[in-house]
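Novice: Sequence isn't available, so here's the structure alone:
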């Protein structure tokens, strides 16, 4: 077959060498998607909304504790808080400071134009793509966002908007 340091490779040894040389690139390609020795994926912490019911003009707090994993959002990290009406239309969309570990507290005034009924609040780290379904912190490029959340489940925390005298 061929010579290896003056020795002829024949039969089984040639096949073992060929399989090994072909398998290494495949193994590297398969395992390079995620470092198997890395810590588990670090998702954003769950946030809360308080109070759960408010009237237009009332102040509402949206907050989350720091994560228990190593999130590393950075010193300039921000969270995007959105309030949606019953039809799913954003009536408030703000950015607020967030800690390197994902903790934040954001206080807003319920907009006067928000009709009585059910509303919802979302809060996500700003400029981070969470739709790779692995939980890996994939910081999106700065500038005009090119990524659009299309497949991730959006966590909505209910906020009941009370009518006058409610």
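Specialist: It's in. Treat the numbers as computed from the prediction; the structure is a model and nothing was measured.
Novice: use CA for all of it now, contacts and neighbours both
Specialist: Fine.
Novice: which helices and strands does the helix or strand containing residue 108 pack with?
Specialist: Residue 108 belongs to strand 104-109 when assigned by DSSP states H and E. Strand 104-109 sits against strand 59-64, strand 90-97, with contacts defined as 3 or more Cα pairs under 8 Å, 6 or more residues apart in numbering; DSSP states H and E.
Novice: you'd agree residue 125 is up against residue 102?
Specialist: Yes: counting by Cα atoms under 8 Å, residue 102 is a contact partner of residue 125 at 7.5 Å.
Novice: what ranges of the chain fall below the confidence cut-off?
Specialist: Counting by pLDDT under 70, the chain shows low-confidence ranges at 1-14, 16-41, 129-153, 165-166.
Novice: now the strands: where do they sit in it?
Specialist: 2-4, 7-9, 48-50, 53-54, 59-64, 78-84, 90-97, 104-109, 117-125, 128-129, 138-139, 157-161 (DSSP state E).
Novice: Which one of the ones you listed lies nearest to residue 15?
Specialist: strand 7-9 (9.1 Å; Cα to Cα).
Novice: Any figure for the gap between the residue nearest to residue 123 when sequence neighbours are not counted and residue 98?
Specialist: Spatial nearest neighbour of residue 123, excluding adjacent residues (Cα to Cα, 6 or more residues apart in numbering): residue 81 at 4.4 Å. Separation of residue 81 from residue 98 (Cα to Cα, to the nearest Å): 11 Å.
Novice: Compare the two and say which one has the larger neighbour count.
Specialist: Remark: of residue 81 and residue 98, residue 98 carries more neighbours, 24 against 20, as counted by other Cα atoms under 10 Å.
Novice: isn't that one right up against residue 78?
Specialist: Yes: with contact defined as Cα under 8 Å, residue 98 counts as touching residue 78 (4.8 Å).
Novice: tell me which residues of stretch 159-166 are tucked away?
Specialist: 159-162 (16 or more other Cα atoms under 10 Å).
Novice: List the contacts of that stretch.
Specialist: Stretch 159-166 has contacts (Cα atoms under 8 Å, 6 or more residues apart in numbering) with 49, 51-56, 114-121.
Novice: hmm, which of these are the buried ones?
Specialist: With burial judged by 16+ other Cα under 10 Å, the buried subset of the contacts of stretch 159-166 is 49, 53-56, 114-116, 118-121.
Novice: Could you work out the most separated pair of those?
Specialist: Using Cα to Cα, the two most remote members of those are 49 and 115, lying 18.3 Å apart.
Novice: which residues touch the closest residue to residue 158 other than its chain neighbours?
Specialist: Leaving aside its chain neighbours, residue 158 sits nearest to residue 120 (4.5 Å; criterion: Cα to Cα, 6+ apart). Counting by Cα under 8 Å, 6+ apart, residue 120 touches 83-86, 156-160.
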